[in-house]
Every structure is written in structure tokens, then in C-alpha cells.
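S.K.: here is my input; please provide its structure:
(chains A and B, ligands or ions: 2)
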Amino acid sequence: MDGPAVEIEYLRKRYGGFEALAGVSLTVPRGTVFGLLGPNGAGKSTMVKSLLTIIRPTECRGRMLGKPIGDRATLGKVGYLPEHARFPEHLTGRQVIGFSAGLAGVGVEETRRRTQALLARVGMKEWADRKLSTYSKGMRQRIGIAQALVNEPEIVFLDEPTDGVDPEGRIEIRKMIESLREEGRTVFVNSHLLGEVEQVADEVAILSKGRVIESGKVAMLTRLAKRFEIRTVGPVPPALRQVLERGGMRVAGDCISLDAEDAAPVQPVIDQLRSSGVAIRELREAKDSLEDIFLRAVQGKEAA
Amino acid sequence: MRAFVTVIVDSIRLLRARALFWVSLFISAFVALIYLSIGFDDRGMSLLFGAFHFDMPFMTKGSEGAELLYLGIFRNFIVAWWLTWIAVVIALVSCAPILPEFMTEGAAGVALSKPVSRPLLFAYKYIGALLFIGLQAILFAVIVFIAIRWRVGTWNPTVFWSVPVVLLVFSYLFSVLVLLGIRTRSVMASVMLTLILWLMCFIAQVGESVCHSAANHGIGITGGELSEEERASWKAAYPWARLPYVVLPKPGETTSLLDRWIVLGDGDNLGNSTFEAMNRNGRFDNLDEGVKDDLARHSPAWVIGSSLAFEAVILGLACLAFSRRDF
Ligand SMILES: Nc1ncnc2c1ncn2[C@@H]1O[C@H](COP(=O)(O)OP(=O)(O)OP(=O)(O)O)[C@@H](O)[C@H]1O
Ligand SMILES: [Mg+2]
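M.R.: Ligands and ions are numbered 1, 2, ... in the order given. Sure thing, here's the model as predicted:
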């Protein structure tokens, strides 16, 4: 079966009068790690829950794994780690995984085998038969991830998987996400931790106030945001500053920055500075991190 | 099937983790054992497996008095109090958390994102509670069945009627509890409101019954004769008094069916003349006479059928609320 793992044509969700998702569309290619970014309250969880029928979208057109979104049987091939997963405290880690497997229709014997393997994979073997009430936050999260994988899903939705996990655990989770991709699964990660997503995601979409404001391959987004910075000794004189700004550059005090793929457009600026007698202190090539792109996109949207 | 078993096991784990469950099981076993512990010998009767002994010449082993007493306790305590009220309250309270707990955010997400539809999940949860209460009721009936054989000497399979009857009464009320649980997500609130509804069912039944005897037999609330005009106004009011009774479930009348269906050794049922005689000295008040009168008016099929209709509507609403809810 080919085609994208998730293809949302149009998705809208209103909570009463509040529009949590205002007509979103996006595509998640198969076998990739997809990061959905956005500030708190942007609608990330709402989007994932809509795809998983946990909430009823107001309007939804699109397909998941080749079937219309909301198709029951398809959900057997999907794994889900809820945000702040609060599994019942009286269950043991093994029972939580078993519950998920049972509802997904995984056979008893198969469940036993997979649970054993998954517990080892998330490093919870010794704790498997203790109650969740004795777990730390990070341990619950690990069990939550194991539970999401027990039906060997084609696509896994992880809503803030590193929430409450220590730095070492975060690295482990990242490696796990990478290994899932190697196994050919699609991973959909919700996060507001951009550094992490940048390291692992192939594609991202940035969601703000219920709208996708930026999306694409991480490599492309960060390349688009390549720029050069020139620092002068003392502030740029006002007259020159006006000229530069008219030329589409940003000037702040002693720093001139311009977006450019290569160094060619920088040369005339150097000439202009030199001819005006301004001394150059530093010239460097700068690359925006996903965080810069994210902040710029979100702030730009808010200003607009 | 796999999903069904998974949901049931999950419900049982939830109940087992609650102190209340163990308390209720303990009380249930305790009552059955107390009953079992009443014995008779050549000199009279004993309590708690012989720990206390009372010399009573009319209550010796094998005497008619002993049998009457033992079955009388069954009718006047076990059926009239335990099965009608206490066991049902305990069952409601102990099963109350099943849906609200299931619906807490975070826990619900995993279950709802599975290839099991919401109505089905809902049905599994509901049936799970019924199964669980049914098992408890069977256990209780078995102990009583054995107790009667041991103490009175007869096998009486009709005591097993208590299982479906208790289950029916429980299910009427549990449907309401489930609907309220889904709407309020609060165990406490849903239990309280359900108990209030139960009271309303009782009031509706008494109201209908009183109004009926006033309108049709000319008997006033205090028992006196009514004038023609009074009777006419009761007659006019009767359809209104009947409406809530018809709509609401009939837990009281459903349990009263046990009086007809549990048959004693000599072929008489629990509401028979022997017990009438025993109860004539003022222990049965008018209310119970009224219940008997109403039982004669309303067939078991009508009592159970109309109650189940109510239950079906409530369950439909609950299932709809559960299926449409955002988590
Ligand atoms: N059940 C609900 N009823 C009403 N409003 C809701 C409900 N659930 C979410 N919202 C609103 O929808 C918006 C999006 O919420 P959502 O949980 O999707 O955000 P998020 O992007 O996941 O944020 P976070 O990063 O904090 O998890 C929020 O403004 C929230 O207040
Ligand atoms: Mg969220």
C-alpha cells in the first residue's frame, strides 16, 4: 500500500464557540518522522485526537493509511501515546501494555511475547510487575510508549513523548524513534521542544492558533533560513542604514543581516560600508535553527 | 471476544483495587453466613453455628415452627431488606466508579483510539458490571440454597429466582447511574442522584397505588370511606398520578415478584396464607397490602417490561452521550 500515511485535506474543530483547529491540511509521508510543532494551546493534541477519533472533529476530510479518517479497522494499525498519559494507578506496567494489546486485538500469546520484548526495549523489565503508583513520571512515559507499540503499528502518534523524561531518557526516546523509522514505521511526534524535533524529524509543520503556518522538510526549512551577518565597529550611520534597509536588509545597531543562499549578494554591502568609511569587525554565515524559524513564524503570525 | 475479555478484566482490576469492593463482598458473605449459622436441634435453636443456644420447645429440629422461622427470616429479612435494599445499594456503590474512572483523560485516550467502536466499549463496560453483580448474586443464592437444605431439609431451587430479580433491579438503577456518571464524571454525584431517583420510583408507585384505591375503591389515605365527589376528583387526578409510575422503573414491584416466584416446600409461595397468618399481628402494614393489590393489577410481564423500556431509553441516552463526547 502506497500513498501518504496521513493526508489531511481539511480539518476543523470547534469547542463551542472556540475554534481550536481552523481548517488545517497537511500530509505525512510514509516511513518518515513527522514533527508537529506549536506553542501551548496551538491545537496539536486536538489534531492528533481528531485523527484517532478521541474527539469528533467538526469537519474532517482526509485519509489515514489509505482509509478515510475515522475508519475503525485502520486504528488497529495505529499506536498512540496520549499527552500526560495517566494510566490507572492500580495497574502494573505489564497490565497497561496488555490492556492496549487486548483492545487492539493482539492474541494472548503474541501479547506475552511482545510485552516482554517491549519492556526490555524501554528499559522497564525490572519494574514490569509493580503498580504504576510506584513509578516516576518518566517510567510511566516509557510504559506509555511500550503500550503504543504493542500492536506493531504502521503509524505511531506520540504526544509529547519526552514530557517528564530526564535528558538520558530523552536521548533513548530519540533513538527509539529513529529505530522505528528504520523499521519502516511512520512516527508522528507532537512537541514544543524544537531542538529535539529538529534532531529526529524529517518533516515538520508549525501550528499556531489552529492554523498551519509553516511546513516542509526540516533540511529545507533550515536552508531557506540561511543568512549572513556583518558587524561594524560602532553603529551603522543612519543614512547608510536607510539605504540598506531599503535594500531588504535588517539593521540593528552594529549588526546588518541579510538572507542569502551564498556570499555573492554580500559583496556590494561590504563595498558600500567600506566606501562610507565604516570599519567591519566581523562577517559570518549564520543558519537559523528550527527554533528561530518557529519563533519568527509564530511571532510573524501574531503580528499580522 | 478478546476486546470484551480485556474490558471485563480491566473493570475487575479496577474494582479489586478499591477498598469498597472488598467491604461489599465481605458484608455479602457475612449476611449469608449469619443465615447459614442459624441451626436447630432437639432443644431449640442456636445462632452462629451453636455459639449461642436458646431452649425453645416449638423450634426444635424438624418442627414446623423451625421451618416457619427459618423461611420467615428468609422472607422478612433476606428478601424484604437485604435483596430489596441493602444488596442493591452496595452493588450500585461498588460499581459506580467503572465508567467515570474509565473516562478520565489520559486513560480514555488509549481505549478510544482502538479498533473497538464506542458503543461496543460502552456495552462491554455495562455488561461487565452486570456479570459481576450476577456472580455475586449467584454466590449468595447458592449459600442460601444450601442453608435451607441443611437447616430445614428441603432443596428449594426457587431461591435462585433472586438472581435475575436482583440483577433486574440493579440494572434499572445502574443504567441511570451510568448516564449520570457519563454526564457528571463524578462517582459521588451519580450515586446520590441515583438514590434520589430510586426514592422517586418508590414515591411514584405509592402515589399511583393510593390514587388508584381512592378512585376505584373509595378508600382514603387514612383508610376511611370517601364521598362521591371526593372519589370523582381522585378519578380525575388518577391519570396524572399514574404517569410518573408508568414512566419510571418499578424496582419495588420487581422485587415483590419474589413473593410469587419463590415457592416453599408445601407448594405455597412466599406471600401465602401461612405467612399471612404469621404477619397478621400487625407486622405487615397497609403499604405491603397495597403492594400485593398492585401486584394483582400489574402482571410481572408489565412490571418488568415497562421497567426495561425505561432502562433501554436511559442506556440509549448514556451510550449516545458516551459516543459523542470529546475526551
Ligand atoms: N475539551 C475542550 N473543550 C474546550 N476547549 C478545549 C478542549 N480541549 C482543548 N481545548 C482548547 O483547544 C485549544 C488547543 O488545545 P490543544 O490541547 O490541542 O493544544 P496543544 O497544542 O496540544 O497544547 P500543549 O502544547 O499545551 O499540549 C486550546 O486553546 C484549548 O484550550
Ligand atoms: Mg497538547
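S.K.: identify the residue spatially nearest to the residue of the stretch 51-200 of chain A found nearest chain B, adjacent ones excluded.
M.R.: Per C-beta to the nearest C-beta, A:Gly102 is where the stretch 51-200 of chain A lies closest to chain B, at 2.8 Å. All C-beta spots, glycine's among them, are computed from the backbone N, C-alpha and C. Excluding the flanking residues, the one nearest A:Gly102 by C-beta to C-beta, 6 or more residues apart in numbering or on different chains is B:Thr6, at 2.8 Å.
S.K.: how far does the helix or strand that neighbour falls within sit from the chain's center?
M.R.: For B:Thr6, the host element (DSSP states H and E) is helix B:2-16. Distance of helix B:2-16 from the chain centroid (C-alpha atoms, centre = their mean, to the nearest Å) equals 25 Å.
S.K.: got the buried residues for whichever helix or strand comes after that helix?
M.R.: Once the chain leaves helix B:2-16, the next helix or strand it forms, by DSSP H and E, is helix B:19-37. For helix B:19-37, a neighbour-count test (16 or more other C-beta atoms under 10 Å in any protein chain shown) marks B:21, B:24-25, B:28, B:31-32, B:35-37 as buried.
S.K.: would you format these as CSV with pLDDT and distance to A:Gly216 included?
M.R.: As requested, those are exported to CSV (pLDDT from 0 to 100; distance: C-beta to C-beta, whole Å):
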residue, pLDDT, distance to A:Gly216
B:Phe21, 75, 54
B:Ser24, 78, 59
B:Leu25, 78, 60
B:Ser28, 81, 64
B:Val31, 83, 70
B:Ala32, 81, 70
B:Tyr35, 81, 75
B:Leu36, 81, 76
B:Ser37, 81, 78
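S.K.: show me what contacts the closest residue to B:Val5 other than its chain neighbours?
M.R.: Excluding its sequence neighbours, the residue lying closest to B:Val5 (C-beta to C-beta, 6+ apart) is A:Gly102, at 7.0 Å. Going by C-beta atoms under 8 Å, 6 or more residues apart in numbering or on different chains, A:Gly102 touches A:111, B:2-3, B:5-7, B:9.
S.K.: count of residues packed around residue 85?
M.R.: You didn't pick a chain, so chain A it is. The tally of other residues near A:Ala85 (other C-beta atoms under 10 Å in any protein chain shown) stands at 24.
S.K.: was after chain B, sorry
M.R.: Neighbours around B:Trp85, by other C-beta under 10 Å: 15.
S.K.: test my guess that A:Lys131 contacts A:His90.
M.R.: Yes: at 6.2 Å, A:Lys131 counts as touching A:His90 under the criterion of C-beta atoms under 8 Å.
S.K.: quick check on the most centrally placed residue in chain A: phi, psi?
M.R.: The centre of chain A sits closest to A:Gly35, judged by C-alpha atoms, centre = their mean, with a distance of 2.4 Å. In terms of degrees, to the nearest 10, the main-chain angles of A:Gly35 are phi -110, psi 130.
S.K.: ok, A:Val165 to A:Ala148 distance?
M.R.: For A:Val165, the distance to A:Ala148 (C-beta to C-beta, to the nearest Å) stands at 15 Å.
S.K.: more neighbours, those two?
M.R.: Taking other C-beta under 10 Å, A:Val165 and A:Ala148 do not tie; A:Ala148 has more neighbours (25 against 21).
S.K.: three-state assignment of the nearest residue to that one once chain neighbours are set aside?
M.R.: Nearest residue to A:Ala148, sequence neighbours excluded (C-beta to C-beta, 6+ apart): A:Gly79, at 3.7 Å. The three-state assignment at A:Gly79 reads strand, by DSSP: H, G, I helix; E, B strand; the rest coil.
S.K.: and A:Gly79, what's its pLDDT?
M.R.: Per-residue pLDDT puts A:Gly79 at 93.
S.K.: with A:Lys137 instead?
M.R.: So, for A:Lys137, pLDDT stands at 83.
S.K.: which helix or strand contains the residue nearest to it when sequence neighbours are not counted?
M.R.: Sequence neighbours aside, A:Gly164 is the residue nearest to A:Lys137 in space, at 3.6 Å (criterion: C-beta to C-beta, 6+ apart). Per DSSP H and E, A:Gly164 falls between elements, in no helix or strand.
S.K.: interface residues of the stretch 1-150 of chain A facing chain B?
M.R.: Contacts of the stretch 1-150 of chain A with chain B, taken as C-beta under 8 Å from any C-beta of the partner chain, map to A:15, A:49, A:52-56, A:72-76, A:78, A:80, A:82-88, A:90-91, A:95, A:98-100, A:102-108, A:147.
S.K.: so which of these sit within helices?
M.R.: Those of the residues of the stretch 1-150 of chain A next to chain B mapping onto helices are A:49, A:95, A:98-100, A:102-103, A:108, A:147, per DSSP state H.
S.K.: ok, back up a step: who touches the residue nearest to the centre of chain A in this structure?
M.R.: Counted by C-beta under 8 Å, 6+ apart, A:Gly35 has contacts A:189-191, A:197-198, A:200-201, A:203-205, A:218.
S.K.: ranges for the strands of chain B?
M.R.: Secondary structure of chain B, counting by DSSP state E: strands at B:39-40, B:44-47, B:52-55.
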